[in-house]
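Trainee: return a 3D structure for these sequence lines:
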Amino acid sequence: QVQLVESGGGLVQAGDSLRLSCAASGRTGSSFWMAWFRQAPGKEREFVAFARWSVGSTYYADSVKGRFTISRDYAKNTMYLQMNSLKPEDTAVYYCASRYAILPNIPPRAADFDSWGQGTQVTVSS
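Mentor: Numbering: from 1, shown residues only. Sure thing, here's the model as predicted:
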């Protein structure tokens, strides 16, 4: 099973940018899917974006479409989430997640993923 480690969170102002990283240790490959979720205090974990590891399939939640972008560095086994034009409502703990099979749901649910990172806090002030 893969291990995931997120980094890159922080405190920024509305309109700023951040890039989150999710480093995967272990097997990836063509059937490997990675995703970002976020959870704000008192709210359920919310889907943000996913990508298939080996090819360009990506999908974004409507709330972040046009502002967030997934990219990959295969040499570093790392997926990134570039977050631009941040808003206070983007404040949450951001988690990366992964699974080794085709996603059963679009948009995916948290229960669809079997490996999770520890999370990184993103706080956007107004």
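Trainee: and the residue nearest to Ser25 when sequence neighbours are not counted, what's its pLDDT?
Mentor: In space, and not counting its chain neighbours, Ser25 is closest to Gln3: 4.7 Å by C-beta to C-beta, 6 or more residues apart in numbering. Yep, even glycine has a C-beta here, placed from its N, CA and C like the rest. Looking at Gln3, its pLDDT stands at 94.
Trainee: any idea how far Met83 is from Gln3?
Mentor: Distance of Gln3 to Met83, given as C-beta to C-beta, to the nearest Å: 23 Å.
Trainee: which parts of the chain are strands?
Mentor: 3-7, 10-13, 18-25, 33-39, 46-52, 58-60, 68-73, 78-83, 92-99, 115-116, 120-125 (DSSP state E).
Trainee: mean neighbour count added to those, as TSV?
Mentor: Output for the strands of the chain, formatted as TSV (neighbours: other C-beta atoms under 10 Å):
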stretch	mean neighbour count
strand 3-7	17
strand 10-13	13
strand 18-25	19
strand 33-39	23
strand 46-52	22
strand 58-60	16
strand 68-73	17
strand 78-83	22
strand 92-99	23
strand 115-116	16
strand 120-125	17
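Trainee: which one of the ones you listed lies closest to Pro107?
Mentor: Of all the strands of the chain, strand 46-52 sits nearest to Pro107, with 4.8 Å by C-beta to C-beta.
Trainee: distance from that closest one to the middle of the chain?
Mentor: The chain centroid and the centroid of strand 46-52 are separated by 6 Å under C-alpha atoms, centre = their mean, to the nearest Å.
Trainee: what is the mean pLDDT for it?
Mentor: Mean pLDDT, computed over strand 46-52, is 94.
Trainee: by contact count, what packs against that strand?
Mentor: Under the contact definition 3 or more C-beta pairs under 8 Å, 6 or more residues apart in numbering; DSSP states H and E, strand 46-52 sits against strand 33-39, strand 58-60, strand 68-73, strand 78-83.
Trainee: and with 7 Å instead?
Mentor: Applying 3 or more C-beta pairs under 7 Å, 6 or more residues apart in numbering; DSSP states H and E, one finds that strand 46-52 contacts strand 33-39, strand 58-60, strand 68-73.
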